[in-house]
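> Test case, fold it:
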Amino acid sequence: MPRNLSQKIFVAGHRGMVGSTIIRRLQALGYTNVITRGRDELNLLDQKAVHAFFNSEGLDQVYLAAAKVGGIHANNTYPVDFIYENV
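As a prediction, this is how the structure comes out:
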């Protein structure tokens, strides 16, 4: 079955290592309608904003690569913050 290369695709976390790799791969495959939003544009912790965004955009695919990351010290010092923001 042929791919629809004009599908509207949202990649959350596009600035990170995984998200930027997803973007490059989609572009290499020829997808032309890949959209991104930074945290300042769409806070993924704001359920109402996310719901409104999804309803307004009519997305065909979504890749969730967004995550709060830190080193060992940060993970040990703020474990609840990491769990809350990543689940």
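
> Only C-alpha atoms from now on, for both contacts and neighbour counts.
Noted.

> now the helices for this protein?
17-29, 47-57, 72-77, 79-86 (DSSP state H).

> which of the ones you listed sits most buried?
For these, average neighbour numbers computed from mean count of other CA atoms under 10 Å are highest in helix 17-29, which has a mean of 15.

> hang on, the earlier thing: how about a markdown table for the helices of the chain, with mean pLDDT and distance to residue 6 added?
As requested, those are exported to a markdown table (pLDDT from 0 to 100; distance: least, CA to CA, whole Å):
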| stretch | mean pLDDT | distance to residue 6 |
| --- | --- | --- |
| helix 17-29 | 97 | 11 |
| helix 47-57 | 98 | 14 |
| helix 72-77 | 85 | 39 |
| helix 79-86 | 78 | 30 |
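
> Any chance of JSON lines for those helices, columns distance to residue 41?
Putting the helices of the chain into JSON lines (distance: least, CA to CA, whole Å) gives the following:
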{"stretch": "helix 17-29", "distance to residue 41": "16"}
{"stretch": "helix 47-57", "distance to residue 41": "10"}
{"stretch": "helix 72-77", "distance to residue 41": "25"}
{"stretch": "helix 79-86", "distance to residue 41": "17"}
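
> Residue 43 and residue 53 touch, don't they?
No - checked against CA atoms under 8 Å, the pair residue 43 and residue 53 is beyond contact range at 10.4 Å.

> picking that back up, between the helices of the chain, which one is closest to residue 11.
Using CA to CA as the criterion, the shortest distance between residue 11 and the helices of the chain is 6.7 Å, found for helix 17-29.

> Which elements pack onto the closest one?
Contact analysis of helix 17-29 by 3 or more CA pairs under 8 Å, 6 or more residues apart in numbering; DSSP states H and E lists strand 9-12 as its packing neighbours.
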